[in-house]
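Q: Here's my sequence, what's the structure:
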Amino acid sequence: MTGFFSRMNPLRAYRDLRDFMVGRGPQEFWFLGAAIAITMFFIYAFVKDSHAVKAYKPDIIYVQQWKLDRTDAQIVAQQKVDQVQKDKDLAELKKRQAATQAQFKKLDDQLTRMGL
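A: Sure, this is the predicted structure:
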């Protein structure tokens with residue numbers, strides 16, 4: 001067993017590699033460089049693409065608990081209060097949609113002027 005490990009000398013490995021490379025032509029070194037570059041590109045591409053996507057975290061909407069013995073007047077009053085907020089949210093949504101639509105129209109006009 002000692003004979004096997006005595007052959008594992010870094011200096012001996014370097015000399016063996018040098019003797020092997022001396023017998024090669026210059027075109028083989030170009031192909032070696034190209035092969036190493038292509039391999040490193042694919043390794044880089046796989047590492048870059050292997051990012052982990054964060055888990056979906058849903059927005060939790062909690063529902064209010066209502067008493068079963070509410071009167072119709074209480075229900076209507078609460079609906080009126082909620083309708084104000086609902087109208088405000090709807091107006092904000094329409095405003096954002098109009099702004100986005102204007103941006104797309106502007107982009108479409110620019111592309112039309114360029115002939116696309």
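Q: what about residue 39, distance to residue 80?
A: 69 Å (Cβ to Cβ, to the nearest Å). To be clear about C-beta, it is placed using only N, CA and C from the backbone, and glycine gets the same treatment.
Q: Actually, residue 31.
A: Residue 31 is 80 Å from residue 80, by Cβ to Cβ.
Q: Which parts of the protein are helices?
A: Listed in chain order, the helices of the chain (DSSP state H) span residues 2-6, 10-22, 26-49, 72-113.
Q: a markdown table for those helices, including distance to residue 60, mean neighbour count and mean pLDDT?
A: Formatted as a markdown table, the helices of the chain follow (distance: least, Cβ to Cβ, whole Å; neighbours: other Cβ atoms under 10 Å; pLDDT from 0 to 100):
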| stretch | distance to residue 60 | mean neighbour count | mean pLDDT |
| --- | --- | --- | --- |
| helix 2-6 | 63 | 7 | 67 |
| helix 10-22 | 61 | 9 | 85 |
| helix 26-49 | 32 | 10 | 92 |
| helix 72-113 | 18 | 10 | 94 |
